[in-house]
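**Q** Just the structure for this:
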Amino acid sequence: MASRLLHRLRHALAGDGPGEAAAGAEAEQFPESSELEDDDAEGLSSRLSGTLSFTSAEDEDDEDDDAGSDPLPAGDHESGEDAEGSPQSDGPRGSQLLTRQLQDFWKKSRNTLAPQRLLFEVTSANVVKDPPSKYVLYTLAVMGPGPPDRQPTQISRRYSDFERLHRSLQRHFRGPMAAISFPRKRLRRNFTAETIARRSRAFEQFLGHLQAVPELRHAPDLQDFFVLPELRRAQSLTCTGLYREALALWANAWQLQVQLGTLSCPDRPLLTLAGLAICHQELEDPGEARACCERALQLLGDKSPHPLLAPFLEAHVRLSWRLGLDKRQSEAQLQALQEAGLTPTPPPSLKELLIKEVLD
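**A** Below you'll find the predicted structure:
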């Protein structure tokens, strides 16, 4: 059905006459097919007009390091549809407009019985020159359930990151991935505005389709794609003492995990809360640091002793004492762990464990 609709739509765009109205009507009934649009489909740049900003859109034939050396499928050689000009864009203003529309959508759908899904928007695409390589960095806004005034989280990924995710999911979920396409590689013109616009739209659809399939939505590879680069960068900044820069990354990673619904597997959320607590404490905000410790202790609950349990208890006791708040329950729990020989006296600090943690 999807391929037939796309065929009719192409004839309509080519001006085949009577089929135009019928194709438009049917396409309206099926606004999102089970497949991504073909990499050569027309109209993507106009769809992104006013929402996608570019820092560069050079029309070069040099090979992108994201493109690799894979041969193009038959018929994928360049044609006249790669326009020289860039899409007319309103830049950040247009991006903010679409973000508000997405927020309005979530506000209206919060009380519906349909399961809520994340929405994705490529807000910018930057050509990055890092000799000898050159690539396009796509920044995506991630919208999900929550207060309508909450700012969307953001991630920045390149084509090779999306491709690695696609290949990994194909290996582990061959059945569900059979109906999900991916934008093909190109050997030339990777930096034209037209190519970037098409890929941006394709990446939005790709992630949206993955989120629509429960089996894929909870796949570890997809969770890694969303949060692992941010966690690694935040850990590095924290360990080098750049707490303010790290705080923004930890906060973004925490909101992403909330949106993705990964708090039931607490290891990474606990590490994120540890990073938040450390940064808030170092930036002289003990109240927020204590709140992060309390949230972590709630996640840990009555589970068997976790390596981070004693460090969170110790930090909670110390911050409570500093703020003049009740610390007796945390003190008693920490003392019980020490008497049972489950943690040394004194326990390791949150920062010590954060530095030693290997994120893979």
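**Q** Now T345: which helix or strand?
**A** Using DSSP states H and E, T345 falls within no helix or strand.
**Q** and it, what are its phi and psi?
**A** phi -120, psi 120 (degrees, to the nearest 10).
**Q** didn't it look like it was pressed against Q338?
**A** Yes - counting by C-beta atoms under 8 Å, T345 touches Q338, with 5.0 Å between them. From N, CA and C alone the C-beta is placed, and that goes for glycine too.
**Q** Look at those two and report which has more neighbours.
**A** Q338 (16 against 11; other C-beta atoms under 10 Å).
**Q** show me the contacts for the closest residue to W254 other than its chain neighbours.
**A** In this structure, W254 finds its nearest non-sequential neighbour in T272, 4.8 Å apart by C-beta to C-beta, 6 or more residues apart in numbering. Going by C-beta atoms under 8 Å, 6 or more residues apart in numbering, T272 touches L231, A234, W250, A253, W254, Q257.
**Q** out of the residues you listed, which are inside helices?
**A** Among the contacts of T272, DSSP state H puts L231, A234, W250, A253, W254, Q257 in helices.
**Q** Relative to R268, how far out is the last one?
**A** For Q257, the distance to R268 under the criterion C-beta to C-beta, to the nearest Å works out to 7 Å.
**Q** low-scoring pLDDT stretches of the stretch 251-360 of the chain, where are they?
**A** Applying pLDDT under 70 to the stretch 251-360 of the chain picks out residues 303.
**Q** quick one on the thing from earlier: shared neighbours, Q257 and R268?
**A** With C-beta under 8 Å, 6+ apart as the test, Q257 and R268 both reach V227.
**Q** Which one of these two is surrounded by more residues?
**A** The residue with more neighbours, out of Q257 and R268, is Q257; 23 against 20, by other C-beta under 10 Å.
**Q** So the more buried one versus H172, what's the distance?
**A** 21 Å.
**Q** Find the nearest non-adjacent residue to E352, please.
**A** P311 (7.8 Å).
**Q** Could you do E288 as well?
**A** H280 (4.1 Å).
**Q** show me what contacts the one you found?
**A** Contacts of H280 (C-beta under 8 Å, 6+ apart): L247, P286, E288, A289, C292.
**Q** Would you mind writing the CA trace of the helix or strand in which it is found as PDB?
**A** Using DSSP H and E, H280 sits in helix 267-282. This file holds the C-alpha atoms of helix 267-282, laid out as PDB (Å, rounded to 0.1, in the frame of the first residue of the first chain):
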ATOM      1  CA  ASP A 267      22.400   1.900  36.900                       C
ATOM      2  CA  ARG A 268      22.700   4.700  34.400                       C
ATOM      3  CA  PRO A 269      20.000   6.900  36.100                       C
ATOM      4  CA  LEU A 270      21.900   6.500  39.400                       C
ATOM      5  CA  LEU A 271      25.200   7.400  37.800                       C
ATOM      6  CA  THR A 272      23.400  10.500  36.300                       C
ATOM      7  CA  LEU A 273      22.100  11.500  39.700                       C
ATOM      8  CA  ALA A 274      25.500  11.000  41.100                       C
ATOM      9  CA  GLY A 275      26.900  13.400  38.500                       C
ATOM     10  CA  LEU A 276      24.200  15.900  39.200                       C
ATOM     11  CA  ALA A 277      24.800  15.700  43.000                       C
ATOM     12  CA  ILE A 278      28.500  16.200  42.600                       C
ATOM     13  CA  CYS A 279      28.100  19.200  40.200                       C
ATOM     14  CA  HIS A 280      25.500  20.900  42.400                       C
ATOM     15  CA  GLN A 281      27.600  20.400  45.500                       C
ATOM     16  CA  GLU A 282      30.800  21.800  43.800                       C
END
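**Q** In that helix, which residues are buried?
**A** 268-282 (16 or more other C-beta atoms under 10 Å).
**Q** Equivalent analysis for stretch 232-252, please.
**A** For stretch 232-252, by 16+ other C-beta under 10 Å, it's A234, Q235, L237, T238, Y243, A246, L247, L249, W250, A251, N252.
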